[in-house]
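Novice: missing the sequence, but the structure's below:
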């Protein structure tokens with residue numbers, strides 16, 4: 001009888017995809033509230049990169065490698081939120097210091113999922 005109760009009281013296992021969906025929903029709500037439609041698009045693409053398993057540990061400690069979904073041989077290095085892609089470099093050169101490209105956002109999602117045990 002105690003085993004039955006233990007099973008019934010166990011917390012349901014939440015899949016990695018469900019946790020990613022929750023993270024994406026939270027980010028999208030904030031982006032929509034700010035009417036930042038570019039961020040909405042980048043967040044969606046970032047989630048697609050995570051789902052496609054295009055994010056992996058990089059060569060250095062703390063660095064992640066994000067594979068391009070359009071150019072199979074291309075990888076971008078993401079260190080923290082700094083990315084080696086042209087989009088990130090261009091925006092930061094223009095003074096947009098709070099700008100996150102889709103690769104940086106995918107790295108954030110990947111790290112958050114890892115923190116949650118995914």
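Specialist: Yep, it's here. Predicted model only: the values in this text are computed from it and were never measured. Residues are numbered from 1 along each chain as shown.
Novice: neighbours around residue 30, how many?
Specialist: Burial of residue 30 is recorded as 13 neighbouring residues (other CB atoms under 10 Å). Placement of C-beta: from N, CA and C, glycine included.
Novice: also residue 37?
Specialist: Neighbours of residue 37 using other CB under 10 Å come to 10.
Novice: one more: residue 17?
Specialist: If we define neighbours as other CB under 10 Å, then residue 17 has 13 of them.
Novice: in terms of helices and strands, where is it?
Specialist: Per DSSP states H and E: residue 17 is located in helix 16-33.
Novice: so which elements touch that helix?
Specialist: Using 3 or more CB pairs under 8 Å, 6 or more residues apart in numbering; DSSP states H and E as the contact test, the elements touching helix 16-33 are helix 37-51, helix 102-115.
Novice: how about the longest one: buried residues?
Specialist: Burial within helix 37-51, assessed by neighbour count using 16 or more other CB atoms under 10 Å, is assigned to 39-40, 42-43, 46-47, 49-51.
Novice: list the contacts of that helix.
Specialist: The contact list for helix 37-51, computed with CB atoms under 8 Å, 6 or more residues apart in numbering, reads 17, 20, 23-24, 27-28, 31-32, 55, 66-67, 69, 100-103, 105-106, 108-110, 113.
Novice: show me which of these are buried.
Specialist: The neighbour-count criterion (16+ other CB under 10 Å) marks 20, 23-24, 27, 31, 55, 66-67, 100-103, 105-106, 108-110, 113 among these as buried.
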